[in-house]
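Colleague: turn this into a model:
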Amino acid sequence: ESHRIVATTGMPLSVQRPQPLWSEQQPADWWAALEAGMGTLKAEHGTALARVRGIGLSGQMHGAVTLDGDDTVLRPAILWNDGRSAPQCEQMMAACPWLPAITGNLAMPGFTAPKLAWMREHEPELF
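Modeller: So this is what the prediction gives:
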């Protein structure tokens, strides 16, 4: 109720860069890191943790996590700092030059729509 921070912890995560400009992570690794972090908090602050009413998590910005109809992850998440969709951004801006007026932003590789356009072109079986 006093909004007091009881404890913090962090878990390391690796980023995969299988090609130049690519930046990906496995969403399952995020869950594993959460479980490990909660284990650490429980071990170090168990009594206080039992009284906690809210937990904040932080991570990264715009990432594309694609799921199938059963909520199974289809591929590694394409992270906010992945630059592979620059050509799709150019295509979007050419097809819709008024895009910034509509969205308030240029089409940029860090956003989700260009990532999905990249998937449509390069991974149609997953798209």
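
Colleague: for stretch 74-84, measure first residue to last.
Modeller: 18 Å (Cα to Cα, to the nearest Å).

Colleague: mind listing what's buried along that stretch?
Modeller: Neighbour-count burial for stretch 74-84 flags 76-80, 82, 84 (criterion: 16 or more other Cβ atoms under 10 Å). No exception for glycine: its C-beta is placed from N, CA and C like everyone else's.

Colleague: for the chain, just list every one of the helices.
Modeller: Secondary structure of the chain (DSSP state H): helices at 27-50, 86-95, 99-103, 112-122.

Colleague: would you mind finding the most buried of those?
Modeller: Compared across the helices of the chain, helix 112-122 shows the largest average neighbour count, a mean of 18 (mean count of other Cβ atoms under 10 Å).

Colleague: thinking again about what came up before, need the buried residues of stretch 74-84 in TSV (columns: distance to A28 and pLDDT).
Modeller: As requested, the buried residues of stretch 74-84 are exported to TSV (distance: Cβ to Cβ, whole Å; pLDDT from 0 to 100):
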residue	distance to A28	pLDDT
P76	10	98
A77	10	97
I78	15	98
L79	15	97
W80	19	94
D82	18	97
R84	22	98
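
Colleague: could you dump the residues you listed into CSV with distance to A7 added?
Modeller: As requested, these are exported to CSV (distance: Cβ to Cβ, whole Å):
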residue, distance to A7
P76, 30
A77, 27
I78, 32
L79, 27
W80, 27
D82, 32
R84, 38
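
Colleague: now this protein, which segments are flagged as low pLDDT?
Modeller: For the chain, applying pLDDT under 70 flags no range at all.

Colleague: go again using 90 as the cut-off
Modeller: 1-8, 49-62 (pLDDT under 90).

Colleague: which one of the helices of the chain lies nearest to Q16?
Modeller: With Cβ to Cβ, the closest approach to Q16 among those belongs to helix 27-50: 9.8 Å.

Colleague: which other helices and strands contact the closest one?
Modeller: Helices and strands touching helix 27-50, as assessed by 3 or more Cβ pairs under 8 Å, 6 or more residues apart in numbering; DSSP states H and E, are absent.
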